[in-house]
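Q: Sequence first, then the predicted structure, then my questions.
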Amino acid sequence: MRLRASKDRLKVEHSIIDGLRRVLEELLAEAPEIASIIPGEIKKVRKARGPVKVRVTTPTQTGWKAIGLSAGARQELFVNTKLAKDQLEWAIGQALERSGNAADG
């Protein structure tokens, strides 16, 4: 199956959960160090309420695996980048703020 690309860096093979696409587009706009983001499988979860959240979880051969949470669902995100975990988490926080999805801390 061929991936459909949004601006060549957001690879869309599956649907993207509500509110997450805007965050990912903001992230890619502000972080040229991110080569691509590939959203993966969506699963229902009970604890995914409130604003969109993105948590960086595991290193991969090409970057990081992250989990996006929103609207009662979680989605795997594969981020192709050379950024360190703390740099990626900071960039995600900035993208959440710009997209209007920042959680009140």
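A: Sure thing, it's come through. Residues are numbered from 1 along each chain as shown.

Q: make it CA atoms for all contacts and neighbour counts henceforth
A: Fine.

Q: what about the helix or strand containing Trp90, average pLDDT?
A: Taking DSSP states H and E as the definition, one finds Trp90 inside helix 85-98. For helix 85-98, mean pLDDT rounds to 96.

Q: And for stretch 58-75?
A: Here the average pLDDT along stretch 58-75 is 94.

Q: all numbers from here: first residue = 766
A: Yep, numbering from 766; the last one is stretch 823-840 now.

Q: First-to-last residue distance for that stretch?
A: End-to-end distance for stretch 823-840, by C-alpha to C-alpha, to the nearest Å: 14 Å.

Q: coming back round to it: run the chain-centre distance for the helix holding Trp855.
A: Centre-to-centre, helix 850-863 and its host chain are 10 Å apart (C-alpha atoms, centre = their mean, to the nearest Å).

Q: just checking, what packs against it?
A: helix 785-795, strand 818-825 (3 or more C-alpha pairs under 8 Å, 6 or more residues apart in numbering; DSSP states H and E).

Q: tell me the angle the first one makes with helix 850-863.
A: Our comparison of helix 785-795 with helix 850-863, counting by axes from the mean of the first three to the mean of the last three C-alpha atoms, to 10 degrees, yields an angle of 120 degrees.

Q: picking up where we left off before, figure out which of the helices and strands packed on helix 850-863 is closest to Thr846.
A: Of all the helices and strands packed on helix 850-863, strand 818-825 sits nearest to Thr846, with 9.8 Å by C-alpha to C-alpha.

Q: Note down every partner strand of the helix or strand just after the closest one and its orientation.
A: Counting by DSSP H and E, the next helix or strand C-terminal to strand 818-825 is strand 828-835. Strand pairing for strand 828-835, determined by DSSP bridges: strand 818-825 (antiparallel), strand 838-846 (antiparallel).
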